[in-house]
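A.B. asks: Return atomic coordinates for the entry below.
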Amino acid sequence: MPRIVIDVSSWQNSSYSYLNNFKKLGADGLVVKLTDGTDYLNPKAADQISNGLKIFENVSVYHYFKGHGLAEGKYFLSKVKKFGLDKTTVLAIDVEDPSLPTYNTTQVNIFLRYLKSQGYTNVITYGSAGWFQDGRINRNALVDKHIWVAAYGVSQPGVANTNAWQFSDNWHGVDASYDFDGSLSGSKTSEKPSYYITPGLYQVRLKW
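C.D. replies: Here you go, the predicted model:
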């Protein structure tokens, strides 16, 4: 059975009780919006991540992409590190902004290569089924083939060998996805992290 993973941003609540309710409803994982472009940080990210890690086995984070691969990769990773998220964390790039050019694979690859060059190898690319089908994101040309496909009101994601499928934008009020192989939730990671909180930041340490 695939795991159900929800994703949240500043539009959603950040409290423990709010996020824990989704666990009770059957959610197995959480993805938090961290950054957008090169100057936005989700003001609720700290609480959403810290409360999420008290509830779920893993928490992943995503960046909303505006088309500038290297600059945005550096900005995103600086915030990932600021929050103390270690290299087992799944980092997603959300490729859907209407201002993006028709074809985006080159800049997406620059973004992904930067993350991977810094040792963050658990990456995944998000986009609508139509963008993958039309080649706006060329899955075959991506430096990392893990993809997270959005397709609502259908019986399948519409892209072969999808790692995760965002099947609803209103699952009890939030976006929800099926994580087929752990590529979105990080559940495939063999080394399980333990978590602790320090003043103002959230840090992750591996069990050795």
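A.B. asks: host element of A176?
C.D. replies: Assigned by DSSP states H and E, A176 belongs to strand 174-179.
A.B. asks: For that strand, which helices and strands make contact with it?
C.D. replies: Packing partners of strand 174-179 (3 or more C-beta pairs under 8 Å, 6 or more residues apart in numbering; DSSP states H and E): strand 3-8, strand 164-171. C-beta here means a position set from N, CA and C on the backbone, and glycine is covered the same way.
A.B. asks: What is the least confident helix or strand in this structure?
C.D. replies: Every helix and strand in the chain was compared by mean pLDDT, DSSP states H and E; the lowest is strand 193-198, with a mean of 34.
A.B. asks: where do the strands sit along this structure?
C.D. replies: Taking DSSP state E as the criterion, the chain carries its strands at 3-8, 29-36, 40-41, 59-64, 91-94, 123-128, 147-150, 164-171, 174-179, 193-198, 201-206.
A.B. asks: mean pLDDT lowest for which of these?
C.D. replies: Per-stretch mean pLDDT for the strands of the chain is lowest at strand 193-198 (a mean of 34).
A.B. asks: Would you tell me which of the strands of the chain gets closest to G84?
C.D. replies: Among the strands of the chain, the nearest to G84 by C-beta to C-beta is strand 201-206 (3.4 Å).
A.B. asks: residues touching the residue lying closest to L34 once chain neighbours are set aside, list them.
C.D. replies: Leaving aside its chain neighbours, L34 sits nearest to V61 (4.2 Å; criterion: C-beta to C-beta, 6 or more residues apart in numbering). Residues near V61 by C-beta atoms under 8 Å, 6 or more residues apart in numbering: 31-34, 45, 49, 80, 83, 85, 89-92.
A.B. asks: And S177, by the same measure?
C.D. replies: 4-7, 31, 148, 164-167, 184.
A.B. asks: which regions of the protein lie under the pLDDT threshold?
C.D. replies: Regions of the chain meeting the criterion pLDDT under 70 cover residues 188-208.
A.B. asks: Not counting stretch 1-21 itself, show me its contacts.
C.D. replies: 22, 26-33, 42-44, 47-48, 51-52, 54-55, 60, 62, 164, 166, 171, 174-180, 182, 184-185, 187.
A.B. asks: Ok, stretch 137-156 next?
C.D. replies: Applying C-beta under 8 Å, 6+ apart, the external contacts of stretch 137-156 come out as 92, 95-96, 103-105, 108-109, 112-113, 116, 123-129, 131-132, 157-159, 162-169, 177, 183-184.
A.B. asks: picking up where we left off before, reformat the strands of the chain as a markdown table; add distance to Y18.
C.D. replies: A markdown table is the format used below for the strands of the chain (distance: least, C-beta to C-beta, whole Å):
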| stretch | distance to Y18 |
| --- | --- |
| strand 3-8 | 9 |
| strand 29-36 | 11 |
| strand 40-41 | 20 |
| strand 59-64 | 15 |
| strand 91-94 | 21 |
| strand 123-128 | 23 |
| strand 147-150 | 23 |
| strand 164-171 | 14 |
| strand 174-179 | 10 |
| strand 193-198 | 18 |
| strand 201-206 | 18 |
